[in-house]
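1. Sequence and predicted structure below; questions after.
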Amino acid sequence: MNFHDPNAPGARKAELLYLDGDFEIEVPGDYVLCEVTGQRIPLEDLKYWNIERQEAYVSAEVSDKRERDLKKAGK
């Protein structure tokens, strides 16, 4: 089992401040949750987020879907 496995017993959810091209760790942990899917994303694999909404996404496709869904909802 990988030390950074977000599903490992004792894995902790991190709290981040998402910035332009980077993020700051506010509460240390091993993973964040995808806003759309609820999937755990290990911090070393985190590549997609929205600064204005402070949301993480598991993939570019999921990020794009979130944008489209919010536009349809008028948000």
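-> Happy to help now that I have it.

2. Now the phi/psi pair for the spatially most central residue of the chain, please.
-> By Cα atoms, centre = their mean, the chain has its centre lying nearest to Ala56, at 2.6 Å. Phi and psi for Ala56, reported as degrees, to the nearest 10, are phi -100, psi 150.

3. who's it bridged to?
-> Trp49 (DSSP bridges).

4. Need the per-residue pLDDT for Phe3.
-> On pLDDT, Phe3 comes in at 49.

5. For Arg66, pull up the helix or strand it's in.
-> Per DSSP states H and E, Arg66 falls inside helix 60-72.

6. Give the other helices and strands that that helix contacts.
-> Where contact means 3 or more Cβ pairs under 8 Å, 6 or more residues apart in numbering; DSSP states H and E, helix 60-72 is packed against strand 48-50, strand 55-57. The C-beta positions use only the backbone N, C-alpha and C, and glycine is treated the same way.

7. tell me the mean pLDDT over it?
-> pLDDT averaged over helix 60-72 gives 95.

8. Now tell me what touches stretch 17-29 from outside.
-> 11-16, 43, 46, 49-51, 54-56 (Cβ atoms under 8 Å, 6 or more residues apart in numbering).

9. buried sites along it?
-> Buried positions in stretch 17-29, judged by neighbour count with 16 or more other Cβ atoms under 10 Å: Tyr18, Phe23.

10. Same check on stretch 54-70?
-> Within stretch 54-70, judged by 16+ other Cβ under 10 Å, the buried ones are Glu55, Ala56, Tyr57, Val58, Val62, Ser63, Arg66.

11. what's the spacing between that stretch and its chain's center?
-> Relative to the centre of its chain, stretch 54-70 is centred 10 Å away, using Cα atoms, centre = their mean, to the nearest Å.

12. May I ask which of the contacts of stretch 17-29 has the most neighbours?
-> Compared across these, Ala56 has the highest neighbour count, 25 neighbours, by other Cβ atoms under 10 Å.
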